[in-house]
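Participant: Please work out how this folds:
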Amino acid sequence: MDADNLAEQLFSSTLGALELLSIHLGDRLGLYKALAREGPMTSEALADVAPVAPRYAREWLEQQAVVGLVDVDDPAAPADDRLYSLPAEHVGALADPDSIEHFVPVIGVVAAAASRIEALVEAYRVGGGVPWEAFGPEMRMGQAGGNRPAYLHLLAQEWFPSVPGLVEALGKGARIADVGCGEGWSSIAMAMGYPGVTVDGFDIDAASVRAGKEHAEQAGVSERVTFTRIDAGALDGREGYDLVTAFECVHDLPDPVAVLRSMRMLARPSGIVMVMDERVPDDFTGRSGDSVEQLMYGFSLMVCLPDSMSTSPSRATGTVMRPSVLRGYAREAGFDDVEVLPIEHDLWRFYRLVG
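Facilitator: As a prediction, this is how the structure comes out:
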């Protein structure tokens with residue numbers, strides 16, 4: 001890449017970063033939801049219902065119109081008379097947390113990471129880490145909210161039916177252990193999709209466990225879904241599960257082998273052990289890395305690797321956990337092999353751990 005192309009790329013990235021922060025502001029202040037709910041409105045009207053200071057409302061709306069995220073009916077009208085609206089095709093991504101297109105929680109993750117930049121700089125200097133809880137509730141809610149639509153709309157509807165024998169294994173009375181469940185949307189989705197199952201969610205983060213219990217209550221599945229705060233590497237005495245899952249968490253673990261060993265122990269002899277993690281290329285290829293690999297390296301730099309390295313000792317896996325790495329961990333944990341499952345998704349790859 002020559003100097004001119006580099007300058008163009010950096011300028012474009014700067015525009016993108018500022019746009020993401022403006023979206024995060026709009027989400028945190030409820031501006032998108034107000035626009036979606038109330039329809040076309042002036043900046044003063046938005047300020048009243050949000051509520052925010054009127055001058056900030058006007059500047060935010062003008063910026064959103066300039067970048068194409070909201071519509072304005074007459075740009076030539078006096079500033080206080082212009083009517084702004086959220087296009088219908090943007091509601092899912094920006095204002096509807098149940099939409100499969102909802103994206104603003106992911107932006108919240110980026111904002112949370114940026115807020116801890118000084119701690120990250122220090123961790124990089126000394127070789128330490130930044131623990132998950134240090135990123136604050138914005139990180140936790142962003143991670144949970146970002147994955148929630150896919151779990152609720154795809155897990156039982158598309159993912160599990162794609163795996164031979166899995167739906168049959170989740171017959172009446174099946175028991176599921178969901179390791180590293182976070183705020184519990186994967187556990188809740190399994191319970192909602194398969195009324196005969198019970199799900200035990202396990203996570204080490206206390207705030208996530210509390211949130212999971214609240215979500216399960218609101219979803220009406222709390223009688224079949226439980227959440228326990230525990231180190232997933234210490235799940236002794238809980239054998240007999242028909243399905244054991246770990247959704248997008250193995251790469252974060254300081255000791256993934258211990259957790260995979262626990263998962264193997266949790267499953268009964270005919271049980272299924274499943275891992276979902278990032279769909280990165282099989283090998284590192286440098287500049288030809290695709291957009292998913294670029295995204296995952298970004299998250300690894302800012303979130304996942306520092307979180308993992310906040311515990312010592314740590315395998316320090318990072319977000320870019322290639323299939324060969326997981327296969328090595330699984331074999332150390334006592335599994336015979338790792339099978340890539342026939343589930344298609346742009347961001348995630350699904351594995352069955354065998355033996």
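
Participant: Now stretch 107-117: buried residues?
Facilitator: Buried positions in stretch 107-117, judged by neighbour count with 16 or more other CB atoms under 10 Å: 107, 108, 109, 110, 111, 112, 113, 116. C-betas here are computed from N, CA, C, even on glycine.

Participant: what does it rub up against?
Facilitator: 20-21, 23-24, 27-28, 120, 130, 134-136, 138-139, 141-143, 145-146, 299, 302-303 (CB atoms under 8 Å, 6 or more residues apart in numbering).

Participant: quick one: which of these sit in strands?
Facilitator: The strands, defined by DSSP state E, take in nothing from the contacts of stretch 107-117.

Participant: Go through those and flag which are in helices.
Facilitator: Judged by DSSP state H, helices contain the following of these: 20-21, 23-24, 27-28, 120, 138-139, 141-143, 145-146, 299.

Participant: Going through these, which ones are buried?
Facilitator: 20, 23-24, 27, 120, 138-139, 141-143, 145-146, 299.

Participant: Closest to residue 68 out of those residues?
Facilitator: residue 23 (12.0 Å; CB to CB).

Participant: ok, residues contacting the biggest strand by length in the chain?
Facilitator: Ranked by residue count under DSSP E, the longest strand found in the chain is strand 267-278. Residues outside strand 267-278 that contact it (CB under 8 Å, 6+ apart) are 163, 165-166, 169, 177, 239-248, 250-251, 263-264, 292, 296, 319-321, 326, 335, 341, 347-353.

Participant: May I see the buried residues of it?
Facilitator: 267, 271, 272, 273, 274, 275, 276, 277, 278.

Participant: possible to save those residues as TSV with pLDDT?
Facilitator: Converted to TSV, the buried residues of strand 267-278 look like this (pLDDT from 0 to 100):
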residue	pLDDT
267	96
271	94
272	96
273	97
274	98
275	98
276	98
277	98
278	97
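
Participant: For the helix or strand hosting residue 263, C-alpha coordinates in CSV please.
Facilitator: Per DSSP states H and E: residue 263 is located in helix 256-266. Provided in CSV are the C-alpha atoms of helix 256-266 (Å, rounded to 0.1, in the frame of the first residue of the first chain):
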residue,chain,number,x,y,z
PRO,A,256,-9.4,-23.7,27.9
VAL,A,257,-8.1,-27.3,28.4
ALA,A,258,-9.5,-27.4,32.0
VAL,A,259,-12.8,-26.2,30.8
LEU,A,260,-13.0,-28.6,27.9
ARG,A,261,-12.1,-31.4,30.2
SER,A,262,-15.0,-30.4,32.5
MET,A,263,-17.3,-30.3,29.5
ARG,A,264,-16.2,-33.8,28.6
MET,A,265,-17.0,-35.0,32.1
LEU,A,266,-20.4,-33.3,32.1
